[in-house]
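In: just a sequence and a predicted model for now, questions to come.
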Amino acid sequence: MPSPRVLAAAAAAGAALAVALLAWTVAAGALAPAAAAQLALSVLILAATVVAVAVTRRADGKALRVDARTKRQEAALRRTGEEISRLAATVDGLAGRLEEAGHRRAEVVLAALGEDRMELAAQAERLDRLDAELHAGRAELRAGRAELAATVRQNYAQLEALVDLRALLRPRAPLPALRGWAASPDMLRLLVGRIAAGGVKTVVECGSGSSSVWLGYAVERFGGGRVVALEHDERFARATRDLVLAHGLQDVVEVRHAPLLPWSGGRDGDDGDAVAVPWYDPAALADLPEVDLVFVDGPPGATAPLVRYPAVPVLLPHCTADAWIVLDDADRPAEREVAERWLREYPELAGTAHRAEKGAMVLRRTP
């Protein structure tokens, strides 16, 4: 259908042609002017009507087309809505399944986390134990290093003391090992040093062994006196005599067999009770009025509690005014108690501790 603009142009052209024909007719006298005007007006009205009808029909067509398009769009929208509804339902189903799967997965993950947490806790405990063991190992290593260093220093000190003794006394025959049950070299160096200082004529040794030989060499060189060693074990006494004989010191060292007998006596500053322990037979000391040095290295500590206590009560009356009483193994608890008891019960004595491998306590009368 032509556009309204074309129809309007055609209607205008037709009306103009009709008006021109009417004007010609009026000019030719074939038609009266009034009738011609009326006809022209009718032609114009008809043309306008044609144009209006065409415009209206075109508008109606547009409206119909818009309506059809609208209906198509509405149908499309309905289809889209239905599709969206189906998609929403699908999405809801998927969401539900995902949520359910998520719950199940979360339960699995939580269970796994719980197991992992337990495993981590167990690992943490193991790590704590390993850390504690590591610290303990480090502490033990430090203690071991310290102990090793102390052992090295002690061994060096004993070796140094033994070198000094051998250089000073020059033994004439091999000597049994020192330390252990026997006296340590640093203890013997202390005793030999006292003898070398002079004025020592009689040495009494409680116990016998290699120390008897070393003391014999010292007295032979510096003192010009003798060593009397008390030994409760007759077999050991014979062994020590053989050792003394091997070194040619039989004129200097005398080993006396003095069995252990029950002994009670001494002083007790607390309650006056007597102290009863086994000790060497005092008869072995009857001919020793003046003793300058006493070395208390027996009886063995395992014999009885405080078994070395009688040494001071028995020997102090035989000692000179400036005599030394030297206690070996003074680091042991029993010997410490013995030394403390001596000092408590005999106020005329003063004690001096000396550094030695097994500890040494020197007692002397105070001026």
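Out: Thanks, I have it.
In: so where do the strands sit in the stretch 251-367 of the chain?
Out: 253-257, 260-265, 275-280, 291-296, 319-328, 349-354, 360-365 (DSSP state E, counting those that start in this stretch).
In: same question, the stretch 101-250 of the chain
Out: Under DSSP E, counting those that start in this stretch, the stretch 101-250 of the chain gives strands at 202-206, 226-231.
In: give the partner strands of the longest one in its sheet and their orientations.
Out: On the basis of DSSP bridges, the sheet neighbours of strand 226-231 come out as strand 202-206 (parallel), strand 253-257 (parallel).
In: pull the CA atoms of that strand into PDB?
Out: Output of strand 226-231 as PDB, limited to C-alpha atoms (Å, rounded to 0.1, in the frame of the first residue of the first chain):
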ATOM      1  CA  ARG A 226     111.100 -45.600 109.800                       C
ATOM      2  CA  VAL A 227     107.700 -46.500 108.500                       C
ATOM      3  CA  VAL A 228     105.300 -48.800 110.500                       C
ATOM      4  CA  ALA A 229     102.400 -50.100 108.400                       C
ATOM      5  CA  LEU A 230      99.500 -51.700 110.200                       C
ATOM      6  CA  GLU A 231      97.700 -54.400 108.200                       C
END
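In: now that strand against strand 291-296, angle please.
Out: 30 degrees (axes from the mean of the first three to the mean of the last three CA atoms, to 10 degrees).
In: which residues of the stretch 251-367 of the chain score low on pLDDT?
Out: Residue ranges of the stretch 251-367 of the chain with pLDDT under 70: 266-275.
In: recalculate using a threshold of 50.
Out: 269-273 (pLDDT under 50).
In: neighbours around residue 93, how many?
Out: Neighbour count of residue 93, defined by other CB atoms under 10 Å: 10. C-beta here means a position set from N, CA and C on the backbone, and glycine is covered the same way.
In: you'd agree it is in a strand?
Out: No: counting by DSSP: H, G, I helix; E, B strand; the rest coil, residue 93 is not found in a strand; it is helix.
In: so it versus residue 79, what's the distance?
Out: 21 Å (CB to CB, to the nearest Å).
In: same check, this time on residue 279
Out: 126 Å.
In: the two: who's more crowded?
Out: residue 279 (27 against 10).
In: ok, now which ones touch the more buried one?
Out: Residues counted as contacts of residue 279 (CB atoms under 8 Å, 6 or more residues apart in numbering) are 260-261, 263, 299, 307, 310-311, 314.
In: now name the helix or strand holding residue 97.
Out: Using DSSP states H and E, residue 97 sits in helix 33-169.
In: off-centre distance for that helix?
Out: 43 Å (CA atoms, centre = their mean, to the nearest Å).
In: helices and strands around it, which ones?
Out: Applying 3 or more CB pairs under 8 Å, 6 or more residues apart in numbering; DSSP states H and E, one finds that helix 33-169 contacts helix 4-28, helix 185-196, helix 210-218.
In: looking at the strands of the stretch 251-367 of the chain, which is nearest to residue 111?
Out: Nearest to residue 111, of all the strands of the stretch 251-367 of the chain, is strand 349-354, at 70.3 Å by CB to CB.
In: what comes into contact with the closest one?
Out: 190, 312, 316, 325, 330, 339, 342-343, 359-366.
In: now, of those, which are buried?
Out: When the contacts of strand 349-354 are checked for burial by 16 or more other CB atoms under 10 Å, the buried set is 190, 312, 316, 325, 330, 339, 342-343, 359-365.
In: out of the residues you listed, who's nearest residue 232?
Out: Lowest distance from residue 232 to the buried ones among the contacts of strand 349-354 (CB to CB) belongs to residue 312, with 18.1 Å.
In: contacting residues around the residue lying closest to the closest one once chain neighbours are set aside?
Out: In space, residue 312 comes closest to residue 342 once its chain neighbours are excluded; the distance is 4.9 Å by CB to CB, 6 or more residues apart in numbering. Residue 342 makes contacts with 309, 312, 349, 351, 363, as judged by CB under 8 Å, 6+ apart.
In: if we can go back for a sec, out of the contacts of strand 349-354, flag the one nearest to residue 211.
Out: Comparing these against residue 211 with CB to CB places residue 190 closest, at 11.5 Å.
In: I figured that closest one hits residue 356, correct?
Out: Yes: between residue 190 and residue 356 there is a contact at 6.8 Å, judged by CB atoms under 8 Å.
In: how many neighbours does residue 350 have?
Out: Residue 350: 13 neighbours (other CB under 10 Å).
In: quick check, central residue of the chain?
Out: By CA atoms, centre = their mean, the chain has its centre lying nearest to residue 135, at 3.2 Å.
In: mind checking how far it is from residue 120?
Out: 22 Å.
In: ditto for residue 165
Out: From residue 165 to residue 120 the distance is 65 Å (CB to CB).
In: one more: residue 111?
Out: 15 Å.
In: go on, residue 91?
Out: Counting by CB to CB - residue 91 and residue 120 are separated by 39 Å.
In: what's the answer for residue 308, then?
Out: Applying CB to CB to residue 308 and residue 120 gives a distance of 62 Å.
In: care to break the chain down by domain?
Out: Here the domain assignment for the chain is 1-127, 170-365, based on automatic domain parsing.
In: number of residues surrounding residue 204?
Out: The burial count for residue 204: 25, using other CB under 10 Å.
In: that one contacts residue 292, correct?
Out: No: between residue 204 and residue 292 there is no contact under CB under 8 Å: 9.0 Å.
In: pLDDT score assigned to the residue lying closest to residue 44 once chain neighbours are set aside?
Out: Counting by CB to CB, 6+ apart, residue 15 is the residue found nearest to residue 44 once chain neighbours are left out, at 5.2 Å. At residue 15, the model reports a pLDDT of 70.
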